[in-house]
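Asks: I'll drop the sequence and a predicted model, then ask my questions.
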Amino acid sequence: MSETLLQPRLRVLDGSCDAGLVQSRRLQVAEADRGGIVKLQWHPAHADAPAQLARVLGADRLEPGRISVTAGPAAPDGRGGEEARPAMADLLTSGAQAAVAWVGPSECWIFCARAERALPLVDLLEGTGAARWFAHEVSDSNVLVSVSGAACEDYLSKSCALDFHHSAFSVGAVAVTRFAQLSVMIARVRDDGFLLLADASHAAWLARWLCDAAREFED
């Protein structure tokens with residue numbers, strides 16, 4: 001088990017990544033590269049907002065409670081098809097420019113493969129649908145954590161009431177729920193891997209909680 005169990009800390013505040021919190025045979029927990037993040041909200045009366053957003057981003061369609069990936073550019077630079085950063089490979093398919101998490105009746109979170117594309121994406125969204133939605137860049141105010149390994153479902157279940165079995169929470173599923181007494185977005189990105197997104201102001205608390213919960217999974 002990593003020595004960071006003694007003084008756990010997510011390194012989001014100094015901008016560095018890959019802070020390994022837990023490293024064991026059955027479980028790995030580490031800070032992940034969050035890329036660029038845009039939060040998008042719209043009035044419930046604008047029922048066509050998800051369909052328009054899909055067209056703007058080049059996604060086939062958006063589904064509530066699911067991650068959708070885009071084939072078009074996530075910025076008005078016309079560089080669609082550029083390879084995604086390896087650090088985001090779990091979330092984005094090869095060649096995708098962004099992933100859209102539809103987490104509420106009138107709310108989506110958009111994850112850009114490159115951090116520098118978040119602000120141009122906000123400009124693009126506001127220019128194409130200002131009457132329908134409000135977009136703002138939230139990359140620096142959040143922390144992204146990767147949880148993987150054979151024990152990841154049992155590990156997450158210790159801190160959350162969601163059913164993480166693959167039959168109930170399949171690859172591509174996403175939800176905002178209470179986790180470690182915090183509001184956390186949880187997405188399943190592969191059979192044995194999840195991503196957790198939380199407010200950066202709670203990073204130290206979350207790190208300690210994640211490490212404490214991992215003790216029973218030590219090799």
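Replies: Yep, that arrived. Numbers count the residues shown, from 1 in each chain.

Asks: from here on, contacts and neighbour counts on C-alpha atoms
Replies: Noted.

Asks: neighbours of Ile186, how many?
Replies: 24 (other CA atoms under 10 Å).

Asks: separation between it and Val56?
Replies: 25 Å (CA to CA, to the nearest Å).

Asks: for Ala118, same thing?
Replies: The separation that Ala118 has from Val56, given CA to CA, amounts to 14 Å.

Asks: quick one, which of the two is more surrounded?
Replies: Taking other CA under 10 Å, Ala118 and Val56 do not tie; Ala118 has more neighbours (26 against 18).

Asks: part of a strand, is Arg188?
Replies: Yes - per DSSP: H, G, I helix; E, B strand; the rest coil, Arg188 lies within a strand segment.

Asks: which strand residues bridge it?
Replies: When assigned by DSSP bridges, Arg188 has beta-bridge partners Phe194.

Asks: residue contacts, it?
Replies: Phe169, Ser170, Val171, Gly172, Ala173, Val174, Phe194, Leu195 (CA atoms under 8 Å, 6 or more residues apart in numbering).

Asks: list the ones among these that fall in strands.
Replies: Counted as lying in strands by DSSP state E, out of the contacts of Arg188, are Val174, Phe194, Leu195.

Asks: now, which of those sits nearest Glu216?
Replies: Phe194 (19.1 Å; CA to CA).

Asks: wait, that closest one sits on Val147?
Replies: Yes - Phe194 is in contact with Val147 according to CA atoms under 8 Å; the separation is 5.2 Å.

Asks: of the ones in strands among the contacts of Arg188, select the buried ones using a ChimeraX command.
Replies: Selection of buried members from the ones in strands among the contacts of Arg188 for ChimeraX, criterion 16 or more other CA atoms under 10 Å:
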select :174,194,195
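
Asks: the chain: helices as residue ranges?
Replies: Counting by DSSP state H, the chain has helices at residues 49-57, 118-129, 152-157, 203-213.

Asks: buried residues in the shortest one, which are they?
Replies: Along helix 152-157, these residues count as buried under the neighbour rule (16+ other CA under 10 Å): Cys152, Glu153, Tyr155, Leu156.

Asks: CA-only coordinates of that helix in PDB, if you can.
Replies: Extracted C-alpha coordinates of helix 152-157, given in PDB (Å, rounded to 0.1, in the frame of the first residue of the first chain):
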ATOM      1  CA  CYS A 152     -13.300  -1.400  -7.300                       C
ATOM      2  CA  GLU A 153     -17.000  -2.200  -7.100                       C
ATOM      3  CA  ASP A 154     -16.700  -3.400  -3.400                       C
ATOM      4  CA  TYR A 155     -14.500  -0.500  -2.600                       C
ATOM      5  CA  LEU A 156     -16.900   2.200  -3.900                       C
ATOM      6  CA  SER A 157     -19.900   0.500  -2.300                       C
END
